[in-house]
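> model this:
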Amino acid sequence: MINQTYTADVLVVGGGTGGTAAAIQAARRGAKTILVSEFPWLGGMLTSAGVSAPDGNELEAFQTGLWGAFLQELRQRQPGGLDNSWVSFFSYDPRIGAEIFADWVQELPNLHWISGQVPIEVLRQGDSITGVRFADFAVTAKIILDGTELGDLLALGEIPYRWGWELQSEWGEPSAPVSFNSLTERYPVQAPTYVVIMQDFGATNAPEIPPAPNYNPSQFTGAWDGYGAETFLNYGRLPGGRFMMNWPICGNDYGEGLGRLIESDVSRGEFIQESRWHSQNFAHFIQNQLGRRYGLAEKVFPHTPTAFALHPYYRESRRLVGLTTVREQDILPISGGRVASIFNDASVCVPLPGSKIRKATTTGDAIAVGNYANDHHYPGVQFPLQPKSIQWGGRWTGTPFTIPYNSLIPATTDGFLVCEKNISVSHIANGATRLQPVVMGIGQAAGMAAAMCVELNCQPRALPVRALQTALLEDNRSKVAIIPLFNLPPNHSDWLHWQLYYLNNPQAYPASGDCPCPSWNESPDSTFGKALLRESNCFKGIFHRLDQQEYRFTVTAPAAYQGQNWQLVTLRSHINEQLSAYPHEQLITLWGHQNHFGNWLLVEHLNDG
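A predicted model of the protein is given here:
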């Protein structure tokens, strides 16, 4: 029985990474916004799913928008800093991430957050979505956003969506299968992981971790072969002697009966229980193999047992059938280049409400940036993909690509946007678009678009894309890069000029990903670099060039580190250029951060010796 009906300009259902960003941005733009979440923590993958060692958008130039603001808050709030693991440049206590999102929401009087609720029914009038019903209340809104982890509003609202693989014949994706096979049948989507956080109890024996039902140690045999136990544990190391267990090799990815996730509430619950048991069994195996100093972490998540995330880390959900679809070709590097094309040529004719036809084109409608390597998870299977990794800054990173606005808009439904992993994307390309910073950018753009649709009294498909892009670029709190440029950090004095230039002249976008302005000529009023430098340590030593984009550093001072050898890495373009130009065995002085668990120095500033 519905006891109350709320009204809003914008309703966001789902408090994950994208939904949280969407609600915050819509409210900051001035829209009366309601955010309804299933869990008591906001942030999804970044917090409640426990993946507090995020991947992608790590380079300085891509630390923009709410993602960049989140990193800045983490740097200020996380005791001991963010250099704790080797899988990510940023690892943190998930409780601190949840606090940041809660603070951002609570400072907005026009944002009403309701937690502990899931959608039951989507309300429609003809081709328009008008509201959502929950257990004992309903919300009607002008624009409704699906920020659920598995695209639940798509199913409830009977909005066309995809689930599973597309064949190569569909879009000509080079990594797609030619025909359906045992792999596509067994794993229709990528396997989720139920993250568990372990803790080093030192000399004190940790409480014993009991095995869960169906414990089979052979599933985990060889998990850290080729790495060693210490390196394995430090993969997702967090502050305070904790370890995020999100390990794909004979680890806790779980993919048995993935179709159950969208069959019914009961079948989904069964899958979730099994995936959590699987992670408990992995933790039991680790404790048995590596000793009782390692146990389940205490007082992390706000439920019992506190070491397990609030929900699985879902890598793939239902995927919208949108005005355009992001395909593998749209995320791969252009021939001879380091970036993907900013043209998406998957333009199609789509029906609009009222039997109208519109030519949908995505040329120039970028609204978010990603750069992660395409990464798929199928337990026990190595699935080959077209490479999009590149070496940059002394380490591997990924080819930058853009997300088009039209991939957020349903082909035939009004009043609705998606803002999570549920965008219109192929199964293959989802391996790169699903990452936390990309989804945060998608959410921010969706929230901005929803608020602007309210302002202009228009449907999302009629919103002028350039107006949306300008609003994102000029946002007074968290401006967003929408054209990937390696050598243009967000506080560079010419940042806005070059972003707009390539939006207006997409044919001039350089294959190198570098704009003509010298990256080392940083804005004199930039606080971005100065803040990093103030927190850095100074080292002197000998630079060693092992290979192109592979550098080592032998410390000569300070004395406490004399003779130590570290890998040199950087997230800053002008440092990357300096390292690329240094001769072998050059004496240098640098300022940076040590990551003992990755054995690297993250260089923030560099001088000749």
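
> please count neighbours and contacts with C-alpha atoms only from this point.
Fine.

> and stretch 588-601, what's buried?
Under the neighbour-count criterion of 16 or more other C-alpha atoms under 10 Å, stretch 588-601 has 588-595, 597-598, 600-601 buried.

> and what of stretch 259-267?
259-262, 267.

> with pLDDT, secondary structure and distance to residue 75 added, can I get the buried residues of stretch 588-601 in a markdown table?
Shown next, in a markdown table, are the buried residues of stretch 588-601 (pLDDT from 0 to 100; DSSP: H, G, I helix; E, B strand; the rest coil; distance: C-alpha to C-alpha, whole Å):
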| residue | pLDDT | secondary structure | distance to residue 75 |
| --- | --- | --- | --- |
| 588 | 96 | strand | 27 |
| 589 | 96 | strand | 24 |
| 590 | 97 | strand | 21 |
| 591 | 97 | strand | 17 |
| 592 | 96 | strand | 14 |
| 593 | 93 | strand | 13 |
| 594 | 95 | strand | 15 |
| 595 | 95 | strand | 15 |
| 597 | 94 | coil | 18 |
| 598 | 93 | coil | 19 |
| 600 | 97 | strand | 19 |
| 601 | 97 | strand | 17 |
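
> farthest-separated two in these?
For these, the farthest-apart pair by C-alpha to C-alpha is 588 and 597; their separation is 23.4 Å.

> hang on, residue 151 packs against residue 317?
Yes - applying C-alpha atoms under 8 Å, one finds residue 151 in contact with residue 317, separated by 5.9 Å.

> what ranges does the stretch 51-200 of the chain have for its helices?
Secondary structure of the stretch 51-200 of the chain (DSSP state H, counting those that start in this stretch): helices at 65-77, 94-106, 152-156, 168-171, 182-186.

> for residue 515, find the nearest of those helices.
Nearest of these to residue 515, taken as C-alpha to C-alpha: helix 65-77 at 20.2 Å.

> counting contacts, what elements does the closest one pack onto?
Contact here means 3 or more C-alpha pairs under 8 Å, 6 or more residues apart in numbering; DSSP states H and E; on that basis helix 65-77 packs against helix 94-106, helix 436-456.

> sorry, back to before: rebuild the buried residues of stretch 259-267 as a markdown table, extending it with distance to residue 486.
What follows is the buried residues of stretch 259-267, written out as a markdown table (distance: C-alpha to C-alpha, whole Å):
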| residue | distance to residue 486 |
| --- | --- |
| 259 | 40 |
| 260 | 42 |
| 261 | 39 |
| 262 | 39 |
| 267 | 45 |
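
> adding pLDDT and distance to residue 313, write these out as TSV.
Shown next, in TSV, are the buried residues of stretch 259-267 (pLDDT from 0 to 100; distance: C-alpha to C-alpha, whole Å):
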residue	pLDDT	distance to residue 313
259	98	16
260	98	16
261	98	13
262	98	15
267	98	17
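
> let's have those residues in TSV, adding secondary structure.
Below are the buried residues of stretch 259-267 laid out as TSV (DSSP: H, G, I helix; E, B strand; the rest coil):
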residue	secondary structure
259	helix
260	helix
261	helix
262	helix
267	helix
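
> pick the most deeply packed of the helices of the stretch 51-200 of the chain.
Stretch with highest mean neighbour count among the helices of the stretch 51-200 of the chain: helix 152-156 (a mean of 20; mean count of other C-alpha atoms under 10 Å).

> identify all contacting residues around it.
Contact with helix 152-156 is made by 119-122, 146, 159-161, 318, 320, as judged by C-alpha atoms under 8 Å, 6 or more residues apart in numbering.

> let's have those residues in TSV, adding pLDDT and distance to residue 543.
Listed next are the contacts of helix 152-156 as TSV, based on pLDDT from 0 to 100; distance: C-alpha to C-alpha, whole Å:
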residue	pLDDT	distance to residue 543
119	98	57
120	98	60
121	98	62
122	98	61
146	98	50
159	98	57
160	98	56
161	98	53
318	98	49
320	98	50
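
> quick one: buried ones out of these?
For these, buried by 16+ other C-alpha under 10 Å: 119, 121-122, 146, 159-161, 318, 320.

> where does residue 391 sit: helix, strand or coil?
Three-state assignment for residue 391 (three-state DSSP): strand.

> now, which of the buried ones among the contacts of helix 152-156 lie within strands?
Within the buried ones among the contacts of helix 152-156, residues falling in strands by DSSP state E are 121-122, 146, 161, 320.

> go through the helices and strands of this protein and name the one with the lowest mean pLDDT.
Lowest mean confidence among the helices and strands of the chain (mean pLDDT, DSSP states H and E): strand 356-360, at a mean of 42.
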